[in-house]
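# Test case, fold it:
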Amino acid sequence: MATTSDPTGLVTHSDRLSARAAELSYVEMAALLERTETSKAMYERAVEHLPLGVPSSFQAGDPYPIYVDRGQGAKVWDVDDNEYLDFHGGFGVGIAGHAHPKIVEAVTLAVQTGTHFAAPTPVTVALAEEICRRFELDKVRFANSGTEATMDAIRVARAATGRDVVVKVEGSYHGHHDTVMFSVLPNADALGGRDMPTTMPMSAGIPAEMAKFTLVVPFNDAATFEALLAERGEEIACLILEPVMMNIGIVEPEPGYLQSLKNLCERHGVVLIFDEVKSGATVAEGGAGMRYGVRPHLACFAKALFGGTPGAAFGGDDAIMDVIGHGAAQMGTFNGNPLVAAAGLASMTEVMTPDAYAYLADLGARLAGGCQAAIEANGIPAHTVDLGAKGCVSFRKERSRNYRDFLATKPELFGAAFPWAINRGIFMTPGDEEQWTLSVQHTTDDIDRYVEVFSSFCESLAS
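Below is the predicted model:
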């Protein structure tokens, strides 16, 4: 139907939302820059010595990032002393919140009694026991980041199988080592055919020769992986994937998909590796393996397991892990150091209890439900996903099955939602591929405030 503003009647609802999002983004970004002048000054100082002004490229912002000064409980404050409810959670680390008393106590004791010996300690052994119990692993080894954990797991899988080729999922991120820095965020025109997606490096500096050792398959598509195994199974050491994709919002595995992958891997002598760097200790007490009922041969962990400190781990079946004692190298000066181990053990045994997961499930349902109601009331092309401590709003009406579905989202809507939220005291991740992280220190009032801010955004977008 033609309107006064559109006499031709050709402007779609989607077009109007995009145009309105551009208006909101312009106004909100101007307000954001005005209230973060100290962050701007900090950026101008930082960029002199830090590329992009940040210690990790994921922290970069346009035109500059918000520099955080401190955190307490479920809140953070930036260098301009703006106060926020923290739903960013350090890209999924902050499930315990900030300065949780149990973790502060454990870390304080570690600082007072020695943070590093490069020798095994009792607390490291206790943490290994807890991780093996919780995630049903035979053996575990420690590392310092998710990148190291996936790198080590792949090396162990190659050593155990005597094969070199790695298969990963299109659109997944598994850290910044060369083997997995392929097909992370390819543009639509560079995807290749669905039956054999293009192996495309994410970064300059990766030797072209590396591409022959990494193959790519779509998520939620066991048939394509099966066809690849039929053709090249004798070359393939492992399949590494996030059991629930968390690099494109959140995409859950379809019923039977993960078990089909495990069956195929076992039939062809391939190691199945779950990258639970984001999902471990957030989506369930036992991670995605528990939530979806499939245990891989190896699994990788970091982020939420270690109480806000830089720890990681990988582990799994005895027969595979034992290659570490028979020629496969896995080492690191800081692996399992008593500072990180103390924080991790306190977090996993004293903070992230069964009652904590029940509480997070209630908060997650409240947040996702409130956001979904706002979406439906205002006709916004979006959907929510709720996995307890992790969840998201993705600006696509239908749930995604894979990375190619994610390319049909509307990033311009998120581009307006981000400064809207920040300007109203909600600290959130700066990309539409990320998720919220809830902590045990969030309250129902905090959740309701997020819903209130998001609802007002939806109303303004639809106006």
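
# Kindly export the host helix or strand of Ala41 (C-alpha atoms) in PDB.
Under the criterion of DSSP states H and E, Ala41 resides in helix 37-46. Presented in PDB, the C-alpha positions along helix 37-46 are these (Å, rounded to 0.1, in the frame of the first residue of the first chain):
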ATOM      1  CA  GLU A  37      35.900  11.400  26.000                       C
ATOM      2  CA  THR A  38      38.400   9.900  28.400                       C
ATOM      3  CA  SER A  39      38.200   6.600  26.500                       C
ATOM      4  CA  LYS A  40      39.000   8.600  23.400                       C
ATOM      5  CA  ALA A  41      42.000  10.200  25.100                       C
ATOM      6  CA  MET A  42      43.100   6.800  26.400                       C
ATOM      7  CA  TYR A  43      42.900   5.400  22.800                       C
ATOM      8  CA  GLU A  44      45.000   8.300  21.500                       C
ATOM      9  CA  ARG A  45      47.600   7.400  24.200                       C
ATOM     10  CA  ALA A  46      47.400   3.600  23.600                       C
END
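
# Relative to the whole chain's centre, how far out is it?
Relative to its parent chain, helix 37-46 has a centroid offset of 27 Å by Cα atoms, centre = their mean, to the nearest Å.

# just checking, next helix/strand downstream of it?
Later in the chain than helix 37-46, the nearest helix or strand by DSSP H and E is strand 68-72.

# who touches the helix or strand following that next one?
The helix or strand immediately downstream of strand 68-72 is strand 75-78, counting by DSSP H and E. With contact meaning Cβ atoms under 8 Å, 6 or more residues apart in numbering, strand 75-78 is reached by 36, 38-39, 66-71, 83-86, 88, 98, 427. Any C-beta I mention is one placed from the backbone N, CA and C, and that applies to glycine too.

# With only the CA atoms kept, save stretch 151-162 in CSV.
In CSV, the C-alpha atoms belonging to stretch 151-162 read as follows (Å, rounded to 0.1, in the frame of the first residue of the first chain):
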residue,chain,number,x,y,z
MET,A,151,46.2,-26.2,19.2
ASP,A,152,47.4,-28.9,21.6
ALA,A,153,44.3,-31.0,21.1
ILE,A,154,44.8,-31.0,17.4
ARG,A,155,48.5,-32.0,17.8
VAL,A,156,47.5,-34.8,20.1
ALA,A,157,44.9,-36.0,17.6
ARG,A,158,47.4,-35.9,14.8
ALA,A,159,49.9,-37.9,16.9
ALA,A,160,47.3,-40.5,17.9
THR,A,161,46.1,-41.1,14.3
GLY,A,162,49.3,-40.5,12.4
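
# Now do the buried residues in it.
By 16 or more other Cβ atoms under 10 Å, the buried positions in stretch 151-162 come out as 151-161.

# Next up, the contacts around the closest residue to Thr214 other than its chain neighbours.
Leaving aside its chain neighbours, Thr214 sits nearest to Phe182 (4.7 Å; criterion: Cβ to Cβ, 6 or more residues apart in numbering). Residues counted as contacts of Phe182 (Cβ under 8 Å, 6+ apart) are 168, 199-202, 206, 210-211, 214, 216.

# closest to Gly311 among those residues?
The nearest member of these to Gly311, counting by Cβ to Cβ, is Lys168 at 23.5 Å.

# Verify the stated contact: that closest one with Leu241.
Yes. Counting by Cβ atoms under 8 Å, Lys168 does reach Leu241; the two are 6.7 Å apart.

# Compare these two and say which is more crowded by neighbours.
Neighbour totals were compared for Lys168 and Leu241, and Lys168 leads with 29 against 24 (other Cβ atoms under 10 Å).

# thinking again about what came up before, most surrounded residue in the contacts of Phe182?
For the contacts of Phe182, neighbours were counted using other Cβ under 10 Å, and Lys168 has the most, 29 neighbours in all.

# Pull stretch 223-234 out as CSV, backbone CA atoms only.
Extracted C-alpha coordinates of stretch 223-234, given in CSV (Å, rounded to 0.1, in the frame of the first residue of the first chain):
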residue,chain,number,x,y,z
ALA,A,223,26.0,-35.9,5.2
THR,A,224,28.6,-33.5,3.8
PHE,A,225,31.1,-34.7,6.4
GLU,A,226,30.3,-38.3,5.6
ALA,A,227,31.0,-37.7,1.9
LEU,A,228,34.3,-36.0,2.8
LEU,A,229,35.3,-39.0,4.9
ALA,A,230,34.4,-41.4,2.1
GLU,A,231,36.7,-39.5,-0.2
ARG,A,232,39.6,-38.6,2.1
GLY,A,233,39.0,-40.3,5.4
GLU,A,234,42.4,-42.0,5.6
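
# Show me what counts as buried in that stretch.
224-226, 228-229, 233.

# ditto for stretch 333-342
Residues of stretch 333-342 classed as buried: 334-342 (neighbour count, 16+ other Cβ under 10 Å).

# follow-up on the earlier one: reformat the contacts of Phe182 as JSON lines; add pLDDT, secondary structure and distance to Ile273.
Listed next are the contacts of Phe182 as JSON lines, based on pLDDT from 0 to 100; DSSP: H, G, I helix; E, B strand; the rest coil; distance: Cβ to Cβ, whole Å:
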{"residue": "Lys168", "pLDDT": "97", "secondary structure": "strand", "distance to Ile273": "10"}
{"residue": "Thr199", "pLDDT": "69", "secondary structure": "coil", "distance to Ile273": "18"}
{"residue": "Met200", "pLDDT": "77", "secondary structure": "coil", "distance to Ile273": "21"}
{"residue": "Pro201", "pLDDT": "83", "secondary structure": "strand", "distance to Ile273": "20"}
{"residue": "Met202", "pLDDT": "85", "secondary structure": "coil", "distance to Ile273": "19"}
{"residue": "Ile206", "pLDDT": "91", "secondary structure": "coil", "distance to Ile273": "20"}
{"residue": "Met210", "pLDDT": "91", "secondary structure": "helix", "distance to Ile273": "18"}
{"residue": "Ala211", "pLDDT": "90", "secondary structure": "helix", "distance to Ile273": "20"}
{"residue": "Thr214", "pLDDT": "95", "secondary structure": "strand", "distance to Ile273": "13"}
{"residue": "Val216", "pLDDT": "94", "secondary structure": "strand", "distance to Ile273": "15"}
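
# For Tyr26, which three-state class applies?
helix (DSSP: H, G, I helix; E, B strand; the rest coil).

# and the gap between it and Ile380?
19 Å (Cβ to Cβ, to the nearest Å).

# Please say which of these two ends up with more neighbours.
More crowded of Tyr26 and Ile380, by other Cβ under 10 Å: Ile380, with 24 against 11.
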